[in-house]
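Student: pasted the sequence and its predicted model underneath.
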Amino acid sequence: MNITIIGSGYVGLVTGACFSEMGNEVYCVDVIDEKIESLKQGIIPIYEPGLEELVKTNYQNGNLHFTTNLKEALDNSEICFIAVGTPMGEDGSADLQYVEAVACEIGESITHDMIVVDKSTVPVGTADKVDKIINEELKKRGEDYKVVVVSNPEFLKEGTAVMDFMRPERVIVGTDDADTIEYMKNLYEPFTKNHERMILMDVHSAEMTKYASNSMLANRISFMNEIANICDEVGADVDQVRKGMGSDSRIGHSFLYPGCGYGGSCFPKDVTALIKTATDHGYDAKLLKSVEAVNNEQKYYLVNKIKNILGDDLSGKTFAIWGLAFKPETDDMREASSIIIIRELLNAGAKVNVYDPKAMTSAREFYLKDMDINYCDNKYEALDGADAMVLVTEWKEFRSPNFNYMKELLNNNLIFDGRNQYNTNFLEKNGFEYHAVGK
Ligand SMILES: NC(=O)c1ccc[n+]([C@@H]2O[C@H](COP(=O)([O-])OP(=O)(O)OC[C@H]3O[C@@H](n4cnc5c(N)ncnc54)[C@H](O)[C@@H]3O)[C@@H](O)[C@H]2O)c1
Ligand SMILES: O=c1ccn([C@@H]2O[C@H](COP(=O)(O)OP(=O)(O)O[C@H]3O[C@H](CO)[C@@H](O)[C@H](O)[C@H]3O)[C@@H](O)[C@H]2O)c(=O)[nH]1
């Protein structure tokens, strides 16, 4: 099949690479020239395990193309995927300017019938809007091609994006057009083979499923963070509570890990957007507002704990931050808890050393660029002369560090763990003062 993917970010690039891996002819389009040029040279603008190899191989095989010329790509395709960003707008709603601009370009460019698939996360009613924009543009041109707009939200997670796309737990397809359903079934067949993993539904329900899923996951995290905060007060251990709860099959073990708040490019903006959608329709989404409020406060959890122990004035103290990315296995720092934690430590007069295996460049050049911090080459360098280690992202290389060496490097054997990675008894026996979340 011949496919155009519009937007070559986390979702577009992974989608394009995975479809091309299955033998399809794929055209990845982006408006950023430098991005397209570096992709042609095999330079991947993001860190995502397994992606570089997939992109290089399929580009070299000639079935994955990169271009800024949307019209040319569409001329060669019978289907196109919209995978551009839908960031949080000023009023909390999803900003649809990029999606709408793409819809306009599709209407201006196509020269034959087209299936248009919305893969970006968009509010209910967006497919109708995209359909309207495309048809208005076609009308201006005096053309009358058949355009079917499908909702096919993406559920991949950063850090495991390629695996998630290759082996999806479900593929949601929202359309009532019989030919398009057939086409989508064939397209996804290699990824869902032998399993009934494609769920067909109407387009509005498909759009809503994405927001409902992300909000449910965010809800679980905020719920556990609240339980952790109560554990702190009553003297219980949230990790034991979590294991006890998760063993009930109705609850399950996933996404029950408390910590210093959820971040990333999806949960924060998608929960806010669903609250806004509800409000616009006259419904007060009280539960979702609480999910958001708990998360916003949780990002201050570690700093509050540090201040409770060391005092509000942290001048003269140095903290070693382990982990900057919003989760392990990515260089993405969008809405990362580290940003708030570091800012608050600096505001309290502290010095901050940081280390992350992959996010140092994005931190230095963008997310922490205005902050006066010390970038370190490895996790131990960050500890040298520091008063405490603060674990923010649970990268594998932080799980079993050399604790004896850590004691030599740290001024005080103090650990604040925002992801509950270590064993309290072990650390206390080895002379550390250890503070985790909800213990
Ligand atoms: N990142 C994730 O893990 C993830 C997972 C599932 C769904 N989503 C959703 O997918 C969408 C894309 O997210 P992302 O993280 O890949 O975004 P991103 O910011 O990484 O990538 C978007 C890309 O679209 C390009 N673009 C913008 N306008 C364009 C245009 N007119 N033509 C061609 N390219 C254009 C940008 O230059 C950018 O490279 C969002 O709606 C997001 O909510 C993201
Ligand atoms: O038990 C948990 C699980 C996650 N997190 C945090 O939640 C955030 C998001 O993590 P994760 O969901 O693994 O990463 P994302 O890449 O943001 O993926 C989410 O957002 C994507 C974009 O919409 C969806 O496609 C995915 O299905 C959805 O999991 C991170 O800050 C994690 O630290 C926790 O605090 N506790």
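Tutor: Okay, I see it. Ligands and ions are numbered 1, 2, ... in the order given.

Student: alpha carbons only for contacts and neighbour counts from here, please
Tutor: Noted.

Student: list the contacts of residue 427.
Tutor: Residue 427 is in contact with 433, 434, counting by CA atoms under 8 Å, 6 or more residues apart in numbering.

Student: what is the burial count for the residue of the stretch 1-150 of the chain found nearest ligand 2?
Tutor: Using CA to the nearest ligand atom, the single residue of the stretch 1-150 of the chain nearest to ligand 2 is residue 121, 7.0 Å away. Residues lying near residue 121 (other CA atoms under 10 Å) number 27.

Student: for residue 159, same thing?
Tutor: Neighbour tally, residue 159, other CA under 10 Å: 18.

Student: pretty sure it sits against residue 328.
Tutor: Yes: the criterion here is CA atoms under 8 Å, and residue 159 meets it with residue 328 at 6.8 Å.

Student: now do the one residue in the stretch 301-439 of the chain that gets nearest to ligand 1 against residue 41, distance only.
Tutor: Using CA to the nearest ligand atom, the closest approach of the stretch 301-439 of the chain to ligand 1 is made by residue 332 at 8.9 Å. Between residue 332 and residue 41 the distance is 22 Å, computed by CA to CA, to the nearest Å.

Student: for residue 220, same thing?
Tutor: Taking CA to CA, one finds residue 220 at 42 Å from residue 41.

Student: one more: residue 331?
Tutor: For residue 331 relative to residue 41 (CA to CA), the value is 20 Å.

Student: swap in residue 83?
Tutor: 22 Å.

Student: and if you look at residue 295?
Tutor: 40 Å.

Student: for residue 251, same thing?
Tutor: Counting by CA to CA - residue 251 and residue 41 are separated by 46 Å.

Student: tell me which of residue 295 and residue 41 has more neighbours.
Tutor: Using other CA under 10 Å as the criterion, residue 295 and residue 41 rank with residue 295 on top: 26 against 11.

Student: name the element that one belongs to?
Tutor: Secondary structure from DSSP states H and E places residue 295 in helix 286-298.

Student: go through that helix and flag the buried ones.
Tutor: 288, 289, 291, 292, 294, 295, 296, 298 (16 or more other CA atoms under 10 Å).

Student: now stretch 101-114
Tutor: 102, 103, 104, 105, 106, 107, 108, 109, 110, 111, 114.

Student: count of neighbours near residue 35?
Tutor: So residue 35, with other CA under 10 Å, has 20 neighbours.

Student: any residue of the longest helix belonging to the chain touching ligand 1?
Tutor: Longest helix in the chain by number of residues (criterion: DSSP state H): helix 203-234. No: using CA under 6 Å from any ligand atom, helix 203-234 stays clear of ligand 1, coming no nearer than 8.4 Å.
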